[in-house]
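>>> Need a 3D model of the following:
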Amino acid sequence: MQDITPKSSPTQACVGEARFYPPMLVKKESTFTRVWSRVRILYKRSDRFFHLLVGMPSYDKYVEHMRTKHPNREIKSQKEFFKEALEARYNGGVNRCC
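Numbering: from 1, shown residues only. The predicted structure is shown next:
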């Protein structure tokens, strides 16, 4: 059976023994970084969810559709796309190409 008693530094550990690294030597992802990355993911997902909830079309799907179905047409900017979507929704216009 191997001796797994912790050593104070990695240089003192032998080949067959478990190594103990003090917390300051091990590079860990900070709690703030982990939480912030999760917040960004939730924000992106919630943005899509709320747009679907209120009936706003998705700009990403629009771009994908235009690239696959109409490669020779110019793709609107995100600002133009949402402006036309709001006008179509509240002024009764039609916002379809096909």
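
>>> Any stretches of the protein with poor pLDDT?
Residues of the chain meeting the criterion pLDDT under 70: 1-29, 51, 55, 92-98.

>>> Alpha carbons of stretch 77-85, in CSV - could you do that?
Presented in CSV, the C-alpha positions along stretch 77-85 are these (Å, rounded to 0.1, in the frame of the first residue of the first chain):
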residue,chain,number,x,y,z
SER,A,77,-28.5,45.0,-40.0
GLN,A,78,-29.8,44.0,-36.7
LYS,A,79,-31.2,47.5,-36.0
GLU,A,80,-33.0,47.6,-39.4
PHE,A,81,-34.4,44.1,-38.9
PHE,A,82,-35.9,44.8,-35.5
LYS,A,83,-37.2,48.2,-36.7
GLU,A,84,-39.1,46.5,-39.5
ALA,A,85,-40.3,43.7,-37.2
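
>>> Pull out the buried residues from that stretch.
Burial within stretch 77-85, assessed by neighbour count using 16 or more other Cβ atoms under 10 Å, is assigned to 81-82, 85. For glycine as for every other residue, the C-beta is placed from the backbone atoms N, C-alpha and C.

>>> Filter the residues you listed down to the ones in helices?
Residues of these located in helices (DSSP state H): 81-82, 85.

>>> and which of the residues you listed is nearest to V35?
In terms of Cβ to Cβ, no member of these lies closer to V35 than F82, at 29.8 Å.
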